[in-house]
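>>> only geometry, no sequence info:
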């Protein structure tokens, strides 16, 4: 009698690696239980056993993306300039993630679906990425460098700002990453653009800084 196959953490990572490769090369529609199983050389039963369903598979990929962003931000050093550190988290954390893993960026921040978000491991990973930015805002607010505002709102604004920058920069690339849009930006130093934009955003939240055009 044949011994049952043991599906362990190594199998899970292999399945996710295969799913991510399919996602990167052909988009979400290419990620199926059958395609992933065939890529790894296992039965579809192995995929169902480890990840439950295609939704579970996509949720696990989204969780992988959120965790990778959190890891990038958490790996950045803290300096004696917390405002600059906050801006740098977007440039060297969020931007780096979006450029290196655009396929994961699409299913996390750009086009996340309710089906993916509902998977049990997705939200904890999303919160990990939120907490990575939250820690940097807490450091700034605890030093009294920003006008009083709930940290949740600050992180939400920051994420929204980064998502817009990332989506637009990715759109300048040719398919399958982008639509080869914004051709007039050829030659633009996007890293410097991100740093300037996020720096201005952060400074705009500081004490004594009023929005442009505000009444005297």
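That came through, no problem. Because the structure is a prediction, the values reported are computed rather than measured.
>>> the bottom helix or strand of this structure by mean pLDDT?
Here the helix or strand of the chain ranked lowest by mean pLDDT, DSSP states H and E is helix 114-117, holding a mean of 85.
>>> Counting by contacts, list what that one packs against.
Packing contacts for helix 114-117, counted by 3 or more C-beta pairs under 8 Å, 6 or more residues apart in numbering; DSSP states H and E, involve helix 54-75, helix 122-142. Where you see a C-beta, it was placed from the backbone N, CA and C, and this is true even at glycine.
>>> In a markdown table, list those helices along with distance to residue 91, mean pLDDT and mean neighbour count.
Shown next, in a markdown table, are those (distance: least, C-beta to C-beta, whole Å; pLDDT from 0 to 100; neighbours: other C-beta atoms under 10 Å):
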| stretch | distance to residue 91 | mean pLDDT | mean neighbour count |
| --- | --- | --- | --- |
| helix 54-75 | 11 | 95 | 21 |
| helix 122-142 | 13 | 93 | 18 |
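>>> For residue 134, give me its contacts.
Contacts were defined as C-beta atoms under 8 Å, 6 or more residues apart in numbering; by that measure residue 134 touches 151, 155.
>>> how about 10 Å then?
127, 151-152, 154-155, 158 (C-beta atoms under 10 Å, 6 or more residues apart in numbering).
>>> Does residue 132 touch residue 86 like I think?
No - using C-beta atoms under 10 Å as the test, residue 132 is too far from residue 86 to be in contact (11.4 Å).
>>> would you list every one of the strands in the chain?
Assigned strands in the chain: none (criterion: DSSP state E).
>>> Any regions of it where pLDDT drops low?
The model of the chain has pLDDT under 70 over residues 1-7, 207-216.
>>> Let's see that with 50 instead.
Applying pLDDT under 50 to the chain picks out residues 1-5, 209-212, 215-216.
>>> could you pull out the helices for it?
9-26, 33-40, 44-51, 54-75, 82-88, 96-100, 102-105, 114-117, 122-142, 151-171, 190-204 (DSSP state H).
>>> any chance of those in JSON lines, with distance to residue 177 too?
As requested, those are arranged in JSON lines below (distance: least, C-beta to C-beta, whole Å):
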{"stretch": "helix 9-26", "distance to residue 177": "9"}
{"stretch": "helix 33-40", "distance to residue 177": "21"}
{"stretch": "helix 44-51", "distance to residue 177": "26"}
{"stretch": "helix 54-75", "distance to residue 177": "15"}
{"stretch": "helix 82-88", "distance to residue 177": "24"}
{"stretch": "helix 96-100", "distance to residue 177": "9"}
{"stretch": "helix 102-105", "distance to residue 177": "5"}
{"stretch": "helix 114-117", "distance to residue 177": "20"}
{"stretch": "helix 122-142", "distance to residue 177": "21"}
{"stretch": "helix 151-171", "distance to residue 177": "6"}
{"stretch": "helix 190-204", "distance to residue 177": "14"}
